[in-house]
Every structure is written in structure tokens, then in C-alpha cells.
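Q: Build me a structure from this.
(2 chains)
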Amino acid sequence: MGLTEHGTVETENEVYNISKFDYNVDYWTHHHNPRTVLNNPAGEITMKFGITGPHYAVGAACAAGNAALIQGSQMLRLGEVDLALCGGLSECVGSFGIFASFRAQGALAEHEEPTKASRPLDQDRNGIVISEGGCIFTLERLDKALARGAKIYGEVAGYAMNSDARDFVLPYGPRQAECIRLALERAGLTPEDISIINTHATGTRQGDVEECKALAEVFAGCSAVRSNNTKSIIGHAMGAAGVLELAANLSAFEDNFVHPTINLDNPDPACALPGLVSGKAEKVEQVETILNNSFGMVGINSVVIIKRFMAD
Amino acid sequence: MTRDEIKDIILEIIEDIDEDADFDDLDADQPLRDQLDLDSMDFLDIVMELRKRYKLQIPEEDYPELATLTSCVNYLEPKLKDV
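A: I've put the predicted structure just below:
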């Protein structure tokens, strides 16, 4: 399970609780440790479904969803598991500290109309809209999936992660570009082979611009590629963002519709992306590949590339 | 607090912990944990709730006294008589 953070909500609530008992620790809950250990969400899934294989969390800030997919893929390739449930979740909306910290950083969006607040790539953006969510994919090797007659939504073709090694919160386009190129190389693909780029852009000025610079450089001259941004529609689900945004695009393999970026009323010229789909969905001839970007605080970058599955 | 009131409080606390708890066939003289879907953490919730509500400090060596509904009432009756 990919997590941006875990335990913040429980800890804040519990500190508030004992403040009502004059900070007497006799009133601190016995649930605190089992609920705040990092493996809690993954472990609860194993208890619920009686899954006896390994479970744990991958912490990678807002790249955590992709990081979990990558971890699951690696375990399958090593033959350590037959099937992996991987994804991400976020309960950040329950924590005042997370909102307050983004606000203190000048990165929390606001707008008179809540549906207009999340506007990545738009000149009038003013930060992130935090959302709650979760998404889990079933990953397995092709032979096993075929043997059980599974519906195959896509094939993990390549992935990469790297670190900016520079700044706690400011993203860095050149390192993101390296990550994208590495994922393409591992997938045996060139930029021209990508059908949809799902951007990470969150609605912060520097974050959006750095990613768009990276994409403009890697995908220069690619006329067929389309790009979009899911956060404009659902907000930023933190640890779940990467997987939710991938889920939002996977259906394009079936209907060839690229979902739009909304709220782009006044596009930022510094964020001019190749083939940016704005306002309404665009139908293309054939979606073959999706490149999914997710970047996180403390300089963690992740790229996952999914291919349309074609049975032999 | 009367014995019936104490019994109702215990059941109310258990219901807060597990809203699906079914008391219809509950045998008051059999262990609660065997009859209801309570785990070790849920049992500690009962202890915590009694502490919060009535400032009752139940020492760990007395936990076996809370095993059944009847033993709970027996144990709590003198402690809650002035509540």
C-alpha cells in the first residue's frame, strides 16, 4: 500500500482527546500504536480477506501510489508472490495539520466556487485541493491472469523512480525528465509511442511549470501524444493520486477517449503541453500507451507506463 | 446505579464499539468475547470507556472480572453505587 503519511489523523484526534483530560496519559488510547504503525492499512486488508502473504507500506509522499505499483511489479518479477494487490490511499482530509501546513506554505487552493478551486496548469491557480480516496489494482503475471480468465485492463510496460536530491518541497524538472526517459527506455518505447501523458500537476505554480518543462523537452515534436490532468477533476488524493489518476485513464484503452483537464479557463503559457486535452474529452484513433507521472515532497519522482493489452 | 442500569451501560458501550453486536441470544453467564465479535482491543475499549465516564481505574489483575455480563455487574455494582 502506498501512503503519503499515516497516523496523523489518529494522533491529532488523540492529542485533542487527552487535552480534555488535562493531558493525563491514562486516557490515551490503546488503539494508537496498532492504528498508526505504517503497515496498518495494508494489514487491515489482509485481516479482512485472510491474505497470508506479506503486507507493508511504501512511503513516497504523493508518488506513493505509483511506488506501490512498482513494488508489486518487482515482487512479481522476482517470483516472490503470485498476485499483488497494490495501490494507495489517503485520509489526509481528516487532518487539520496537513491543511494548515499546505496553507502555511502558500500551497492550499481557494476559490469562491469549490468546483473551480482545483485548476492545475491555469494561470489563476492558487494551490492544491486536498481530496480523500483510495485505489487498489490487482497485479499478476500474464500466464496466471490468462489461466484464471481475468479481465486484463492493461500491461505494466515500464517504470522508474528517482530523487531530486535538492529541496524539501520544490520540484525539479530536469530530474523528472530523467525519470520519464528511464521509464521509456525500460519499456522499450520512444516518446512518439506514448498515447496519453497523465500529468502530476497539482495547481502550484512551480510544480506545474517544472513538470511541463520536463514534458515539453522529452516529448518535443511528438504530434500524436495527448496529455491531461485528473487532479483538475478530483483534486489531489495524495498517496492515492497516482493510482486513481491511472484508473481514470485506463478506460481509454477500451473507448479511445482521453479525459479532459477541466478549469483551464486561462491556460498558463508556461505550461503549454503537447496535445493538452482541455474542457471536454477527445476521441483519438487508438490509445496504445499511458504514461503516468507522480511526484512527491522531498524530491521523489515516479513514472509508470501502461500498455494496452493485446492477446496473441 | 442499579444492577439493571449497569448492565445497560455495558451493553451500550459494546454497541458503540461494534454497532452490529447482537444481544438477542446473549447468555449473561458466558464470556462476552466468545459470544460477541470482540477482540483484545475492543475489550480494552470497555475499560477505557468506564474510565472516561466514571473515572474508574480498573487494575489489570481485575480484568477477568469483566469476562461475562453478570460478572461485570457484580464487579461494578459496589464501584458505581454512588453514581
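Q: Contacts for stretch B:73-83, please.
A: Contacts with stretch B:73-83, where a contact means CB atoms under 8 Å, 6 or more residues apart in numbering or on different chains, come from B:M1, B:R3, B:I6, B:K7, B:I10, B:L50, B:Y54, B:L56, B:D62, B:E65, B:L66. For glycine as for every other residue, the C-beta is placed from the backbone atoms N, C-alpha and C.
Q: so how far is that stretch from its chain's centroid?
A: 12 Å (CA atoms, centre = their mean, to the nearest Å).
Q: could I have that stretch exported to CSV, CA atoms only?
A: The C-alpha trace of stretch B:73-83 is given here as CSV (Å, rounded to 0.1, in the frame of the first residue of the first chain):
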residue,chain,number,x,y,z
VAL,B,73,-22.3,-6.2,37.0
ASN,B,74,-21.1,-8.0,40.2
TYR,B,75,-17.8,-6.3,39.9
LEU,B,76,-19.0,-2.8,39.0
GLU,B,77,-22.0,-2.6,41.4
PRO,B,78,-20.1,-1.6,44.5
LYS,B,79,-17.9,0.8,42.5
LEU,B,80,-20.8,2.6,40.8
LYS,B,81,-23.3,2.5,43.8
ASP,B,82,-23.0,6.3,44.3
VAL,B,83,-23.1,7.2,40.6
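Q: Now A:L264: closest residue in space that isn't a chain neighbour?
A: Distances taken as CB to CB, 6 or more residues apart in numbering or on different chains place A:S278 nearest to A:L264, at 4.4 Å, with adjacent residues excluded.
Q: If you could redo that for A:G94, that was the one I meant.
A: A:G94's closest residue in space is A:V9 (CB to CB, 6+ apart), at 4.0 Å.
Q: What helix or strand is whatever residue of the stretch 1-150 of chain A ends up closest to chain B located in?
A: Per CB to the nearest CB, A:H30 is where the stretch 1-150 of chain A lies closest to chain B, at 4.6 Å. Assigned by DSSP states H and E, A:H30 belongs to no helix or strand.
Q: what about it, neighbour count?
A: Using other CB atoms under 10 Å in any protein chain shown, the number of residues around A:H30 comes to 14.
Q: again, but for the one 3 residues further on
A: A count of nearby residues for A:N33, using other CB under 10 Å, gives 11.
Q: Am I right that it falls within a helix?
A: Yes. Per DSSP: H, G, I helix; E, B strand; the rest coil, A:N33 lies within a helix segment.
Q: got a list of what the residue nearest to A:G94 touches?
A: A:E91, A:G94, A:S95.
Q: re earlier: does the nearest residue to the residue of the stretch 1-150 of chain A closest to chain B once chain neighbours are set aside belong to a helix or a strand, and which?
A: In space, and not counting its chain neighbours, A:H30 is closest to B:L44: 4.6 Å by CB to CB, 6+ apart. Using DSSP H and E, B:L44 sits in helix B:40-54.
Q: ok now the next helix or strand along the chain from that helix, how far from the chain's centre?
A: Of the helices and strands lying after helix B:40-54 in sequence (DSSP H and E), the nearest is helix B:69-79. Here the centre of helix B:69-79 is set off from its chain's centre by 8 Å, with CA atoms, centre = their mean.
Q: Can you show me the CA trace of the host helix or strand of A:A100 as CSV?
A: Assigned by DSSP H and E, A:A100 belongs to helix A:96-104. C-alpha atoms of helix A:96-104 as CSV (Å, rounded to 0.1, in the frame of the first residue of the first chain):
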residue,chain,number,x,y,z
PHE,A,96,-6.1,19.8,10.1
GLY,A,97,-2.3,19.8,10.3
ILE,A,98,-1.9,18.8,6.7
PHE,A,99,-4.3,21.5,5.5
ALA,A,100,-2.6,24.1,7.8
SER,A,101,0.9,23.1,6.6
PHE,A,102,0.0,23.5,2.9
ARG,A,103,-1.6,26.8,3.8
ALA,A,104,1.5,28.0,5.7
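Q: elements contacting that helix?
A: helix A:8-19 (3 or more CB pairs under 8 Å, 6 or more residues apart in numbering or on different chains; DSSP states H and E).
Q: so what's the closest residue to A:T8 other than its chain neighbours up against?
A: In this structure, A:T8 finds its nearest non-sequential neighbour in A:S95, 4.5 Å apart by CB to CB, 6+ apart. Applying CB under 8 Å, 6+ apart, we find A:S95 in contact with A:E5, A:T8, A:V9, A:E12.
Q: got a list of what the first one touches?
A: If I follow you right, that is A:E5. Contacts of A:E5 (CB under 8 Å, 6+ apart): A:G59, A:C92, A:S95, A:I98, A:M238, A:G239.
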